[in-house]
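Would you be able to build a 3D model of this:
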Amino acid sequence: MTCAGLTAALLALGAGAAAQPAAVDASAQIRRTSYGVPHIVAKDELGLGYGIGYAYAQDNLCLLANEVLTVSGERSRYFGARGKTLEQRDNLASDVFFNWLNSPSAVSAFLQAQPAPVRALLAGYASGYNRALAERRRQGLPAECGSGEWLRPISSEDLIKLTRRLLAEGGIGQFVEALAQAQPPTLASRQAASGFATALARQERFALERGSNAVAVGAQRSANGHGLLLANPHFPWSGGMRFYQMQLTIPGALDVMGAALPGLPVVNIGFNQHLAWTHTVDTSQHFTLYRLQLDPKDPTRYLLDGKSLPLTRHTVSVVVKAEDGSLSQVQRQVYSSHFGPVVQWPGRLDWDAHAAYSLRDANLENTRVLQQWYQINRADSLAVLQGAVERLQGIPWVNTLAVDQAGQALYLNQSVVPYVDQPLLEACSNPQASGRLVVLDGSRSGCAWKVDAQAAQPGIFPARLLPSLQRTDFVQNSNDPAWMTNPAQPLTGYSPLISRSDQPLGMRGRFALQRLQGEARLGIDELQRMVTDDEVYLASLVLPDLLQWCKGVAADVQAVCSSLAGWNGKADLDSGIGLVHFNNLFEALAEHPESWRVAFDPADPLHTPRGLAVEQAAVRERLHQAALASLRQVNESGMAKQVRWGQVQHAVDGTPVPGGPQALGVYNAIHSVPHGQGKRLVVSGTSYLQLVSFTDKGPEARGLLAFSQSSEAGSVHFGDQTKAFSAKQLAALPFTEAQIKADPEYQQYVISEGDKDAVASQP
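Residues are numbered from 1 along each chain as shown. Modelled structure (predicted):
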């Protein structure tokens, strides 16, 4: 719907049928500018939340309704137990998990822990959404809502459930099936490990689909001597982690612009008059497992300091719709120890007669997350921002990078991390730990997380023991540990659960550090090109070696070599099929670090590993087999030899999308999956792209939302920004009153609980 169409609809429809009444006097002014971005003004938090919920539902009604259904554990009621969530989980497993996670007591306690302004934002958001729901029912629901029978008014509690799901993303949320299906060995039917293959792949994709790049440039390196910020989060293009652009204003108290996740009445990544900030998914651990020593007489009891204790049982009831439409209740037991819920993963975390595994997630006790962003939105200096983060410790599983007008650049690896230092790890870690999982001894109370009185909650590291760095040249992060935030000042000496300095940097991080080296002054254009150049950094390290190898290859892989020779070394729309073959070759080599000519050296992390050891017969044979496999894959997928990347990778509306795999060092990281003959559909990657340059007069910003503002195919804002992203055209972000009112698509309307119509006015 266009802004003009929206205004007409609002004038025609009353607010009297809003499904859930709000507190008295909730009102907001909503101005829409290009691409449908709302700029919401209210006199208080209640009205501001009211405007946010209303505007969001105008663009993404069905998306939020679907996510509320998921986090309320009600999918099986409407779509059956065997249906799938957006994340391809079985509905029943999802419902069991979320009924456990979002129990009435947990949600109530979380809501009661919120300060009054946050509770007002939540109440207003729910009421604004419900008003829009009532109006859109009368208009005719979007196709994405289907029959609409599962849509209902929402409450503050529903928004808390969404928030708790966000918190769990970095921990227990990656173990949904493992929690929902955990049963004692005397009761459990044998579970096939293959049933967890999708869950394992999803867990391993967490950082891939929720990565990010960020650069904060200070006065020493910025072109105008003020702060400069690049925010480039890589988040899913659909579902509950899909960003939404907006500006929020309470005159005299708040003026912030940026992007937020569904259901959150605060800006997660953005800027105000004084500073700009962003986040990147960190490498810190936010949970640990505990290996329980079970009582030999009873696998539902465990030994702690030699004493036999019962696992507590929590009965979860899920309403399930059968194929004939009838409803019935299915019950599952969730078992928990002193440390947390028992999780069972065949072949990885088995529950047998001897041992079981409990998971403790630090963020399940984090009730401070909304208040954290509420305070960041209002910060008027880096000192205030840093103080709020270190005091509240509400950031769940991301780093924070920020700059201010004076040209100070700040990096904070200040998230919620279990207080497990090196001595505790050495005394209690279990040798059966798998990969990055930290497994502690659950038979000794002395292996519990340490407690520090200065930490915001028991059992997490206090802020003073977490990495932070403030500089006037730059700080950066691309989902690497903290140590190389700026090579001139390495951050080392932390617990392995916080940050490690003995592993290779990611290719995106090395690319960024290469671009940032030297003394050249940087402007907003230079930072933008880091993304829009679509350079494949890995190609600069190994393509010459590959072309050398190609001089002696057999005829059966010559087509691969020809494509590599003709490739432009980028992942842009014009890149040829050499990009596809290059990616396939290095996916095959990823499990063979011995293929590097120069291995990783912790003393030289910016330049190692590098080179491809094509002089070794084993490497040449490995490449030959990978090339043959790549040819087969390309032929089977239906890609023509002369195809261009823009003809392969596309958004859901068919728009060609530049960018490529992060493992190749493509800063514009885009994750796509096979979708039809010779096609790939983007599912995550560059999402909200924001560049902010401070001047003597305040912030100047440009950016876009790569997947566009609305998730509804019938909206004119379903793919407009996606086309701009495809063309590498970032728009100026109107922030001041003059900029907003000068926008060529400016419209405004007022909504109030006391009126029957939204009052619209022309510019």
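
What distance do you get for L304 to A168?
25 Å (Cβ to Cβ, to the nearest Å). Placement of C-beta: from N, CA and C, glycine included.

These two - which one has more neighbours?
Taking neighbours as other Cβ atoms under 10 Å, L304 and A168 compare with A168 leading, 25 against 19.

Please name the nearest non-neighbouring residue to that one.
Excluding the flanking residues, the one nearest A168 by Cβ to Cβ, 6 or more residues apart in numbering is L101, at 6.2 Å.

isn't there a helix covering E526?
Yes. Counting by DSSP: H, G, I helix; E, B strand; the rest coil, E526 is part of a helix.

separation between it and L230?
9 Å.

Could you do Q285 as well?
Q285 is 27 Å from L230, by Cβ to Cβ.

Ends of stretch 428-447, what's the gap?
Stretch 428-447 has an end-to-end distance of 6 Å (Cα to Cα, to the nearest Å).

Read off the pLDDT value for S684.
At S684, the model reports a pLDDT of 96.

wait, it sits on F235?
Yes. Here S684 reaches F235: they are 6.3 Å apart, a contact under Cβ atoms under 8 Å.

pretty sure G660 contacts V666?
Yes. Counting by Cβ under 8 Å, G660 does reach V666; the two are 4.2 Å apart.

Could you tell me which residues touch both of these two?
Taking Cβ atoms under 8 Å, 6 or more residues apart in numbering as the contact rule, G660 and V666 both touch D534, V536, A571.

Tell me the one of those residues nearest S443?
Nearest to S443, judged by Cβ to Cβ, of the shared contacts of G660 and V666 is V536 at 49.3 Å.

Quick check: bridge partners of the closest one?
On the basis of DSSP bridges, V536 is bridged to V666.

For it, which residues are in contact?
Neighbours of V536 in contact, by Cβ under 8 Å, 6+ apart: G569, K570, A571, L579, F582, G660, L664, G665, V666.

cool, R164 as well?
Contacts for R164 (Cβ under 8 Å, 6+ apart) come out as V71, L101, N102, A106, V107, F110, L364.

In helices only, show me the residues you listed.
Within these, residues falling in helices by DSSP state H are V71, L101, A106, V107, F110.

Neighbour-wise, give me the winner out of the residues you listed.
Neighbour-wise, the ones in helices among the contacts of R164 (other Cβ under 10 Å) top out at V71, 27 neighbours.

Low-confidence regions, this protein specifically.
1-24, 187-210, 430-435, 756-763 (pLDDT under 70).

so how many other residues sit close to P236?
20.

same deal with Q422?
12.

If I follow the layout properly, it ends up in contact with G493?
No. Taking contacts as Cβ under 8 Å, Q422 lies outside contact range of G493: 9.6 Å.

related to what we said a few turns ago, which of Q285 and L230 has more neighbours?
Per other Cβ under 10 Å, whichever of Q285 and L230 has more neighbours is L230, with 28 against 20.

So what does that one have for phi and psi?
phi -110, psi 120 (degrees, to the nearest 10).

Return the residues in contact with it.
N213, A214, V215, A216, T278, L527, Q528, M530, V531, Q690, L691.

if I look at it, how far off is A81?
45 Å.

Please apply the same query to N668.
N668 sits 40 Å away from A81 when distances are taken as Cβ to Cβ.

Pick out whichever of the two has more residues nearby.
N668 (28 against 19).

how about that one, phi and psi?
Dihedral angles for N668 - degrees, to the nearest 10 - are phi -80, psi 70.

What sits closest to it if chain neighbours are left out?
Using Cβ to Cβ, 6+ apart and skipping residues adjacent in sequence, the residue nearest N668 is G659, 3.7 Å away.

which residues sit in contact with the one you found?
G659 neighbours (Cβ under 8 Å, 6+ apart): D534, A571, Q649, V666, N668, A669, I670, G685, T686.

The first one and P661 touch, don't they?
No. D534 is not in contact with P661 according to Cβ under 8 Å; the separation is 11.6 Å.

what about the closest residue to V71 other than its chain neighbours, which helix or strand?
What sits nearest to V71 in space, not counting adjacent residues and going by Cβ to Cβ, 6+ apart, is K161, at 4.1 Å. Assessed by DSSP states H and E, K161 sits inside helix 156-168.

who's in contact with Q422?
Neighbours of Q422 in contact, by Cβ under 8 Å, 6+ apart: S495, P496.

For it, what are phi and psi?
Main-chain dihedrals, Q422, degrees, to the nearest 10: phi -60, psi -40.

can you check L392 too?
phi -80, psi -30.

Can you report how many residues neighbour it?
Neighbour count of L392, defined by other Cβ under 10 Å: 20.

My read is that it contacts Q371, right?
Yes. Using Cβ under 8 Å, L392 is in contact with Q371, at 6.2 Å.

Count the neighbours of H338 for me.
Neighbour count of H338, defined by other Cβ under 10 Å: 16.

Is it correct that it is in contact with L304?
Yes. Using Cβ under 8 Å, H338 is in contact with L304, at 6.3 Å.

Next one: the spatially closest residue to D25 that is not a sequence neighbour from Y50, what distance?
Distance criterion Cβ to Cβ, 6+ apart; nearest residue to D25, sequence neighbours excluded, is E753 at 6.7 Å. Distance of E753 to Y50, computed by Cβ to Cβ: 7 Å.

Just want to know which of those two has more residues nearby.
Neighbour count, other Cβ under 10 Å: between E753 and Y50, Y50 has more, with 35 against 20.
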